[in-house]
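*Asks:* no sequence on this one, just coordinates:
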């Protein structure tokens, strides 16, 4: 299993897509530093890229890679290698390569400017979002043999969590604005990893005052040890359940 992970990992690192992705993040980070030297504002600007671009890149690249590696997967399964080992090796290699690209692309400029501490929460949420959407992309890939359909399902995941879910959440808030909705919105946020990452980032940047009473409620909850444990546990669940379901389907699938 370790050999498969190393082979796939180094093969992915040599692809132009990963190099372009790393360069894109690095150029954006340096550009934000040139526009404004305030570390908080740079992190806030990068947050928008992390919440939109990172999930999109993760689902698209993972789905394309999975189908491009289909012959390699079949070759490995023709050997005395367990299906679970092959599948998890692919997942770990793809996830680690994308996480490495994100860490280098965003973290390197901050290290040069001597500002590692302000981006700790940004790095953690970016890595978790990468892992979550790589898992969702693998789940979409094992549902069908059609590459175009799998990419469509993966993009639907991204579109739903990035745009549609927020619209539904706003509709609930406006429709029931006369009622206390703090606990309800907290529950609804748990069903969207992007919203969960956004709230954590905003509160870590201490912008909760701009969010009114609801922001104060989130600050008290997410700023506590229980809130941190709750948010990290939810993100871990979002990483695990798609890949576990995908693994179960892959083990029963006729390749």
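*Replies:* Arrived safely. All figures in this text were calculated on a predicted structure; none of them were measured in a lab.

*Asks:* switch to C-alpha atoms for all contacts and neighbour counts from now on
*Replies:* Will do.

*Asks:* which helix or strand contains residue 136?
*Replies:* helix 120-142 (DSSP states H and E).

*Asks:* which strands or helices does that helix pack on?
*Replies:* Judged by 3 or more Cα pairs under 8 Å, 6 or more residues apart in numbering; DSSP states H and E, helix 120-142 is in contact with helix 39-68, helix 83-112, helix 147-159, helix 193-204, helix 225-252.

*Asks:* 6 Å - rerun?
*Replies:* Contacts defined by 3 or more Cα pairs under 6 Å, 6 or more residues apart in numbering; DSSP states H and E place helix 120-142 against helix 39-68, helix 147-159, helix 225-252.

*Asks:* the second one vs helix 120-142, what angle?
*Replies:* On the basis of axes from the mean of the first three to the mean of the last three Cα atoms, to 10 degrees, helix 147-159 is oriented at 150 degrees to helix 120-142.

*Asks:* tell me how many other residues crowd residue 28.
*Replies:* Number of residues near residue 28 (other Cα atoms under 10 Å) recorded here: 18.

*Asks:* pLDDT wise, what is the closest residue to it other than its chain neighbours at?
*Replies:* Closest residue to residue 28 apart from its sequence neighbours, by Cα to Cα, 6 or more residues apart in numbering: residue 46 at 7.9 Å. With respect to pLDDT, residue 46 has a value of 86.

*Asks:* what's around residue 15, how many residues?
*Replies:* Residues near residue 15, counting by other Cα under 10 Å: 10.

*Asks:* and it, how far from residue 73?
*Replies:* 18 Å (Cα to Cα, to the nearest Å).

*Asks:* what do you get for residue 55?
*Replies:* From residue 55 across to residue 73, the span is 25 Å (Cα to Cα).

*Asks:* the two: which is more packed in?
*Replies:* Neighbours per residue (other Cα under 10 Å) separate residue 55 from residue 73, with residue 55 holding more: 28 against 17.

*Asks:* what's that one in contact with, if anything?
*Replies:* residue 133 (Cα atoms under 6 Å, 6 or more residues apart in numbering).
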